[in-house]
Structure formats: C-alpha cells, structure tokens
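Fold the stuff below for me.
(2 chains)
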Amino acid sequence: MSILPKRLTQLTLRQREERDFYFCIALWLIGFVLFTGGPVVYSFLMSLTNWTGLTNREWVGFQNYIQLFTTDPLFGTVLKNTFVYGIFSVLLGTLLALGVALLMNQKVPGISIFRTIYYLPSVTSGVAVAIMWAWMFNPRAGLVNYLLSLVGIQGPAWFSSTQWAMPGLILVSLWGIGPNMLVLLAGLQGIPTHLYEAARIDGANPRDEFVHITIPMLSPALFYVIVISMITSFQIFENVYILSSATGAPGTLGGPGTALRVYVIDLYQNAFVNLRMGYASAQAWILCVIIMLLTWLMFRINRRTVHYEAAE
Amino acid sequence: MLGIAPELARKVALAADQITLTVAHAWETAFMPHQEEWDKQFMAKNSDITLKDINNTWADHQTIVPTWAAAGQLPDVLYVHGSRAFPWSKEGILIDIQSYADADKAFNVAGIWEEALRLYRYQGKLHSIPYDHGPVILGYNKTLFDKVGVPYPTPDWTMDDLHQAALKFVVPGKQWGYGGYYGSVGFGNEAGGAHLFPWGAKLFTDDESGLAIDSKEARTAISFWYDMIHKEHAGLSQSEADSFPGGAWLSGQVAMFGLATWGAPQMHDQAKFEWDVAPWPKGPAGQHTGSFGSGYGVTRDSKHPEAGWRYLSAYLSVEGMQFMWGSSGRGSPAREAAYQSYLDSPLAPKHGQYFLDALKNYAVTGRPYQSATGPQVMDVVNQNQTLLATGDIDVETFISNVLEQTKPIFAQKS
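Presented below is the predicted three-dimensional model:
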C-alpha cells in the first residue's frame, strides 16, 4: 500500500502532462528568471533613477523618459537613423534572400554546395566581418571603390561620408541573408507542386505562378523573416561599433557626425561612456516598446496579407 | 620530525599573513611580460604579498570597471585613465590616498609633475597617482623632409613656419603636410591643448561649467587647421585620414603630426621611415601644448588598502617608473627624476628631450577632467568635429552647433 497521499498517486493524465511540462521547462525557466527576467525588471527600476552605472543612484521617477522625449537633442536623429536602416535593410535583405532562395530551389547538380556557400557568411564572427567590410569600403584602397573605378565610377567616401555611411551600412547588412534564405527555401520547398501543375494547365506563365502561387504560399515564411529581421535590425550595434571605430576620430561612435548614430549605439554611449546608466535603461525600455508596437502592427497587417494553408 | 614542525609552523604562519592583491591593468599583451617581471621583483621584496594581475584591453577596461563596481568586486588596485579619474573618484570607486602619500616621505609625491597630479585630485585629495604624463609635440617624417628638400623643424618654429612647411609637401590625394594627432585635429584633452592653446583659445572654461570656444582666438585657431585641410589640402580630410586604417602618420605620406610619448613605440615598430620630434611650434599666444596621462589607484572594495598603497608606493616610485615606463620606452614617466631612463631607452626618439622640455615649460593638462558632464560634452564636440573634418560644416557652424547642443547638458548639471 502506498504511503503517499492518494491525490499524489492518482494524478489524471492531464495533471501528469502538466507536471512533466513544468519539469521539462524548469531549468530554462530558472535560467530565464535569473539571467533575463530578473535583469529586465531591474533595468526598469534603474530607468527610474539617475544611476551612473558605478555606485550612487537616486530615485528620479520618470524624469529620464521625459528627458528622452523632450530635451534629448539626439533622440529624433537616432530614431530616424534606426528606422531608415531598419526599413531598407529589411526590405532589401528580404528581397535578396527571396531571390537567392528561388535560385537555390533549382534542381541542379551541386546545389547543396551553393546553399552552403550562401549560408557561410552567417556563421562567421560578426566583429571579423565588420572589420573586413571596413577594409572593403576603404575610400582609397578598398575593393568596392576599386571595382567601381573599373567601370568609370569614382566611389564615395562610404563610412567617412555623412551621405554614404548609412547606405554602406545597409549594404553590409545584406551579407547576413543566409538564415533568411534558408527559411524561405524551406518555405518554397513546402509549396505543393500540384498547385503549379494545375496553374500551368490553366495557362499560367512563370510570372503568374510567382505572383499567384509562390508569394501567397510563401507568405507565412516571408512574414516570419520580415518580423525577425525587423526586430534584429532595430538592435543593430556590432557593425556600427566596428565600422565607426575603424573610421573617424577617437570617441566618435556612430560617426561621421551622427550619420550612423543608431538607437543602440546611442544607448551604449550613454551607458558606458557618458556614465548615464539610468538614462540608458530608460532608452532600452523605450526601444522595447517601439519594437513591440511594430511587431503588433505587423501582426495586424498579417491577418490580411498572410495566407495560412490550414486556415483556408 | 621535531625539526620539520617549526619550519612548517613558520610557513603556516606566513600563509596566514599572506595578502593577495589583485591589480587590474589595461596593457597590450606584448607588455605583460614586462609587468610580470616587475611583479616578481615586488613580491621578492614583499614576501607577504602575492600579486594577481587582471589584464584587459583599454576599451574593455573602461566598461568592465563599472561592472565590477556595480557587483562590489573591484580589484584592489586599478589602472585609471586621466579621463576616468574624476567620475571614478566621485562615485567612490577610488579611495582617498592623500594621507598615505603624505605619510610616505620616501614616496615623494611632490616629485610628480603637478600637471599630472591635478588629474587625480578629487575635492583637493589625491585619489590615484599618475604613472605617466605626456605632452603632444611635433613628430616629423625626416625621410619625407629630405625627399622634398624642406629643412627640419627647429625649436624656434612658429605655427606660420609649420603652415608654410606643410604647404610644400602637398601632392593632392597622395601626400600631406600635417596629419593631426592620431589622424585628426581634435579639441579635447591633450589634442585641444595642442590645437587651441597656442592661439590663447580653449574648449572649456577653467571650472568646466561651460565652453569657452566662442572666442575670436578659437575661431582663428580652428580656421588655421581646417583651412589647411579643406582649402589648401595640406592636412587630411576625414575620408583621407580614414583611408589609412593603421594611421596616416605611419604611412610615410604625412610630413608632420602631433605625437605623444605613448605613440613612440608604435612609430618605432611600424614606421618604415626615419622620424624624430621637435618642440610644438609657438602660436600667437606663445608656446603651449596639451598633456594628459594615466595612473593607478586603490579601490573601495580592497580589503588591504595599506598593502595597495605599498604596491603603489613601489610601482610609482622613481625606480618603479624607471623600470616600467622609462627603460622600456613605453611612455613618459610622471616624475622628472625618472625621465632620463625614458630618454635613454631604445624607443625614445633622438630628440626625446623635447618631451621633457614641454613638460617642464609649456604643456598644460587639457580639459575636460574635472566634471561629470565631460564625456557627454565631448560626445557632442567630437560629433561636430568629424563634420568639420568631412567638410559638411564650417567653423562658425561648428561653434554654434557645439554651444547649442551642449546647453541642455550643462543645464542638467546645474
């Protein structure tokens, strides 16, 4: 006869499944609370202080948030830069990833080698890649301007120019299309071939197939790629840090001027250089809200533009 | 067995009194063996102290220290760049060591350059001690001077002489007369001293409560350098400077540049041309340049501040400076008594004496170094200075931008 209370030995199937579920995620949950959730809550509390990041802190309420929206001379600039980068890098990156995925979806010998080659850039170290791109875009000795000179174009100063720094950064972002390409490739390979066969029977040409079959059927994967890319692009830091450290006078992160002063660079500058950790924490929370709002907006648009096969 | 026990007891007693001092440095890896050699010598003379080094890159050190401070895990002794001395002292990361310095007569704190000491005082008390302090003087490419046939800079050079000489080197896009200090004509700290002081101009007011850049002298000084860059092409524009990732002044295509002692080892290693130094030229307001440096302090988390002082007292003594920075050629010792060891080192330039002359006679520590808003203000100044260097704005716009954009920063402080 069991010495345990009856209720512990006679769990329903559902209760047993729940118990097993929580047991399985317990480790992750503990890690999340300790290393993510806890610090997130702490950062919110710090955003309500004037903490320098060193020792002393004083409660200031929502003053940091008010200052960010009313007196910070760079807030508008960093938002603009971040949105410009986000929109163009996501748009161009998605189009390029789709184009490459369409090419990779061909049944030719050795296609897996090409898929590997296109994915490889994504697994290289971000810092090393950024340094490489700084060299590639070097105004005098870089490969990009050299190639342009072969066709009679005098290349711009790229990351030393206020006009060309952002386009250069957007171009650099296209290096990392590998993961998105794979997602879209998987999406392409999941499109039932009978749809194309039926369309051809009905007289559809390749353009019709692409517009009326490929894109709608790929829309869930496209939506995923766009949302994830958007979230990532708003947090761009590494490339800007390296590219603007490799150029410009010492202490000019996000330069020249404020050409590359994106949101997280400004946050970093405030946190670790200007010693305004409380203020930077407020910036982090505002960024979180912005990203959440944009994601919500995209999900709203999703209802009209994304076709889920099962739902239909 | 009876003979072993007292020996064992002695070792146990020693171990019980043993202090472990953690010291955080920000050296390049190649310099660490030299540091370790000094550590061995120190530990041999101080058998009750075991040193444990932590070394990070300079950039990492500036972000790791706040993290240590927030966690209450600062090492016992810490490298402190001059630009961090004020905020770290204000925040209580570094302890007041004035009483230790005053009590330790053998240490002779008065033997350290006053311009160096002022960086590390907080509320009138020393919170760290400088290990090096260097002025910006004129470095020049002798090979290029010989090739173009221009006589080398002399001690009586004025800024006009520099200007006239710079023009003789111009080959548009390929060769320049003046390359700035680390590739740019900056205005903060030691760079500001070099580029503004000779005209009687300055960036900050003396109490760092505002900017002093809105003056005729500042306009004249800034126009001098940036006309050389944009109108005469004798100086490097932003894109030209950036196109030399290692530094234009190392390329052999720049005739003259601002150089501090900490730049000399890199010149020695990487410059493929003959080079030397000359005094910083005199401007209309006389001979002036900027200086800056770094030091070490004892932190508030140290459980052995007395041992920390013993370390500093030895490390930053004449002998310590001679060993660490003088004879190694690593930089400009913060004591005049240790300076000859630097001048005798293989990495010092032929006329390294001019560094000492500048320190003794006309180098002044460049601001900001005594305000919490300094880094924020310099962020604004540097952003606009790069726009000057790209040619996107002119001198008037630079001055008005900087004044306008720093108003809310100074207003917060007050």
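
Tell me where the model's unsure across the chain.
Defaulting to chain A. A:1-9, A:55, A:246-251, A:309-312 (pLDDT under 70).

oops, chain B please
B:1-16, B:413-414.

Just give the nearest non-adjacent residue to the residue of the stretch 1-150 of chain B found nearest chain A, would you?
Closest residue of the stretch 1-150 of chain B to chain A, CB to the nearest CB: residue B:91 (3.8 Å). Yep, even glycine has a C-beta here, placed from its N, CA and C like the rest. Leaving aside its chain neighbours, residue B:91 sits nearest to residue A:54 (3.8 Å; criterion: CB to CB, 6 or more residues apart in numbering or on different chains).

Neighbours of the one you found, how many?
Residues within reach of residue A:54, counting by other CB atoms under 10 Å in any protein chain shown, total 20.

Ok, residue A:60 next?
18.

check contacts around it.
By CB atoms under 8 Å, 6 or more residues apart in numbering or on different chains, the contact set of residue A:60 is A:48-50, A:278.

can you pull the contacts of the residue nearest to residue A:73 when sequence neighbours are not counted?
Leaving aside its chain neighbours, residue A:73 sits nearest to residue B:405 (5.2 Å; criterion: CB to CB, 6+ apart). If a contact means CB under 8 Å, 6+ apart, then residue B:405 has A:73, B:380, B:384 as its contacts.

In CSV, list the C-alpha atoms belonging to the helix or strand harbouring residue B:405.
Per DSSP states H and E, residue B:405 falls inside helix B:395-413. Provided in CSV are the C-alpha atoms of helix B:395-413 (Å, rounded to 0.1, in the frame of the first residue of the first chain):
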residue,chain,number,x,y,z
VAL,B,395,33.9,76.8,-38.4
GLU,B,396,31.0,79.1,-37.4
THR,B,397,28.5,76.2,-37.7
PHE,B,398,30.8,74.0,-35.6
ILE,B,399,31.0,76.6,-32.8
SER,B,400,27.3,77.4,-32.9
ASN,B,401,26.3,73.6,-33.0
VAL,B,402,28.6,72.8,-30.1
LEU,B,403,27.3,75.7,-28.0
GLU,B,404,23.7,74.9,-28.8
GLN,B,405,23.9,71.2,-28.3
THR,B,406,25.8,71.3,-25.0
LYS,B,407,23.3,73.8,-23.4
PRO,B,408,21.0,71.1,-22.1
ILE,B,409,24.0,69.1,-20.8
PHE,B,410,25.3,72.0,-18.8
ALA,B,411,21.8,72.9,-17.7
GLN,B,412,21.3,69.3,-16.3
LYS,B,413,24.5,69.6,-14.3
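
where does that helix sit relative to the chain's centre, distance-wise?
26 Å (CA atoms, centre = their mean, to the nearest Å).

So which bits of that helix are buried?
B:395, B:398-399, B:401-402, B:405-406, B:408-410 (16 or more other CB atoms under 10 Å in any protein chain shown).

now the residue lying closest to residue B:346 once chain neighbours are set aside: how far from chain A?
In space, and not counting its chain neighbours, residue B:346 is closest to residue B:329: 6.1 Å by CB to CB, 6+ apart. Counting by CB to the nearest CB, to the nearest Å, the gap from residue B:329 to chain A is 23 Å.

got a list of what residue B:329 touches?
Contacts of residue B:329 (CB under 8 Å, 6+ apart): B:264-265, B:268, B:342, B:345-348.

can you tell me which of those residues are in helices?
Assignment to helices by DSSP state H places the following of the contacts of residue B:329 there: B:264-265, B:268, B:342.

can you redo these as JSON lines with neighbour count?
Output for those, formatted as JSON lines (neighbours: other CB atoms under 10 Å in any protein chain shown):
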{"residue": "B:264", "neighbour count": "26"}
{"residue": "B:265", "neighbour count": "19"}
{"residue": "B:268", "neighbour count": "15"}
{"residue": "B:342", "neighbour count": "27"}
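
Can you get me a residue count around residue B:346?
For residue B:346, the neighbour count with other CB under 10 Å is 8.

same check, this time on residue A:221
21.

Identify the residue nearest it in space, chain neighbours excluded?
residue A:187 (3.1 Å).

So what's the residue count around the one you found?
With other CB under 10 Å as criterion, residue A:187 counts 21.

Quick check: residue B:91 touching residue B:65?
No: contact criterion CB atoms under 8 Å: residue B:91 and residue B:65 do not qualify, at 10.2 Å.

who has more neighbours, the two?
The residue with more neighbours, out of residue B:91 and residue B:65, is residue B:65; 24 against 18, by other CB under 10 Å.

quick one: buried residues of the helix or strand that contains the more buried one?
Element membership for residue B:65 (DSSP H and E) is helix B:58-71. Neighbour-count burial for helix B:58-71 flags B:61-62, B:64-66, B:68-70 (criterion: 16+ other CB under 10 Å).

So residue B:271 sits against residue B:247, correct?
No: taking contacts as CB under 8 Å, residue B:271 lies outside contact range of residue B:247: 9.7 Å.

Could you check how far the most centrally placed residue in chain A is from residue A:176?
The centroid of chain A falls nearest to residue A:232 when counting by CA atoms, centre = their mean (1.4 Å). Noted for residue A:232: a distance of 9 Å to residue A:176, by CB to CB, to the nearest Å.

Apart from its neighbours in sequence, what residue is nearest residue A:163?
residue A:156 is the one closest to residue A:163 (CB to CB, 6+ apart), at 7.2 Å.

Close to chain B: what parts of chain A are there?
A:52-56, A:71-73, A:134-135, A:138-141, A:157, A:159-162, A:246-252, A:254-258, A:261, A:269, A:272-277 (CB under 8 Å from any CB of the partner chain).

that older thread, confirm the residue nearest to residue B:91 sits in a helix?
No: the assignment for residue A:54 (DSSP: H, G, I helix; E, B strand; the rest coil) gives coil, which keeps it out of a helix.

correct me, but it touches residue B:67?
No: Residue A:54 is beyond contact range of residue B:67, at 9.8 Å (criterion: CB under 8 Å).

follow-up on the earlier one: surely the residue nearest to residue A:221 and residue A:215 touch.
No: counting by CB under 8 Å, residue A:187 stays clear of residue A:215, with 10.6 Å between them.
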